[in-house]
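**Student:** Coordinates only, no sequence provided:
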């Protein structure tokens, strides 16, 4: 899924008011589209020139909250909050903004590995909760990760729930979906990445295992952790130096701590 980091706002705010049309009460996007909601997710998508925007449903207060202006001919339909609630998942915090747009285009692993080797890759093995993937994407953006990598069949689709949890990071962090995660890890090794699996049973701490060169951080789903085959494709298995007061951390919290550790590691 290609990402463009140009975040210049669009210009000229106006829109067309009218009755709610298209998908009312379904909470589902049109064919081939994704429906995003919430100010940060919608605003980031509107600023992303790689997005093909179809329609924005909004309250006037929601439009006023946006940073920047929309083109004069932008397809905006003003509505009441209760009407917007019918366009999204149950109890979704739409904040007066619901955007329907095309999904992001694919981006490939070899493309992201051609970038800055100091930026880590984040590999997720069967992390399927969109809230967790979105939160990890947000941390990846905060700590300048190069991309997140997931297996296509065992990861959530691009969605409003994921985008809301990512708080805009979906538009700036490349998301690589691969058919075979083990093969992708082999390609990372061939490109010079040191693959570190994060697991509570690791003998070394993450700080002890981190090298100075390129790193691919591998995390497994909560509960089950990494699959055996994926663990076998890691160069090292490391743990976070936890006190023992709790058994484990949420995978998104663990990812944030590990990504921070990578930003403060000594560099050669």
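**Tutor:** Structure's in. What do you need? This structure is a prediction, so every number in the text was calculated from the model and none was measured. Residues are numbered from 1 along each chain as shown.

**Student:** Confirm for me that residue 165 is in contact with residue 129.
**Tutor:** No - using Cβ atoms under 8 Å, residue 165 makes no contact with residue 129, being 9.2 Å away. (C-beta placed from N, C-alpha, C; glycine too.)

**Student:** So these two - more neighbours on which side?
**Tutor:** residue 165 (23 against 18; other Cβ atoms under 10 Å).

**Student:** Surely the more buried one forms part of a helix?
**Tutor:** Yes - Residue 165 forms part of a helix when assessed by DSSP: H, G, I helix; E, B strand; the rest coil.

**Student:** how many neighbours does the closest residue to it other than its chain neighbours have?
**Tutor:** Closest residue to residue 165 apart from its sequence neighbours, by Cβ to Cβ, 6 or more residues apart in numbering: residue 134 at 2.7 Å. For residue 134, the count of nearby residues is 22 (other Cβ under 10 Å).

**Student:** Repeat that for residue 98.
**Tutor:** Residues near residue 98, counting by other Cβ under 10 Å: 29.

**Student:** same deal with residue 203?
**Tutor:** 11.

**Student:** Give the full set of residues in contact with it.
**Tutor:** Contact analysis of residue 203 by Cβ atoms under 8 Å, 6 or more residues apart in numbering lists 237, 239.

**Student:** how much space between it and residue 154?
**Tutor:** From residue 203 over to residue 154 the distance is 27 Å, taken as Cβ to Cβ, to the nearest Å.

**Student:** What are the buried residues along the helix or strand hosting the residue nearest to residue 165?
**Tutor:** Per DSSP states H and E: residue 134 is located in helix 130-142. Residues 130, 132, 133, 134, 135, 136, 137, 138, 139, 140, 141 are the ones in helix 130-142 that count as buried (16 or more other Cβ atoms under 10 Å).

**Student:** ok, now stretch 99-110?
**Tutor:** 99, 100, 101, 104, 107, 109.

**Student:** so how far is it off the chain centroid?
**Tutor:** In this view, stretch 99-110 has its centroid 11 Å away from the chain centroid, taken as Cα atoms, centre = their mean, to the nearest Å.

**Student:** Stretch 162-169 too?
**Tutor:** Counting by Cα atoms, centre = their mean, stretch 162-169 comes out at 6 Å from the chain centroid.

**Student:** So what touches that stretch?
**Tutor:** Against stretch 162-169 from outside (Cβ under 8 Å, 6+ apart): 34, 36-38, 40-41, 43-45, 92-93, 130-135, 137-138, 140-142, 156, 170, 173.

**Student:** Thanks again, I'm all set now.
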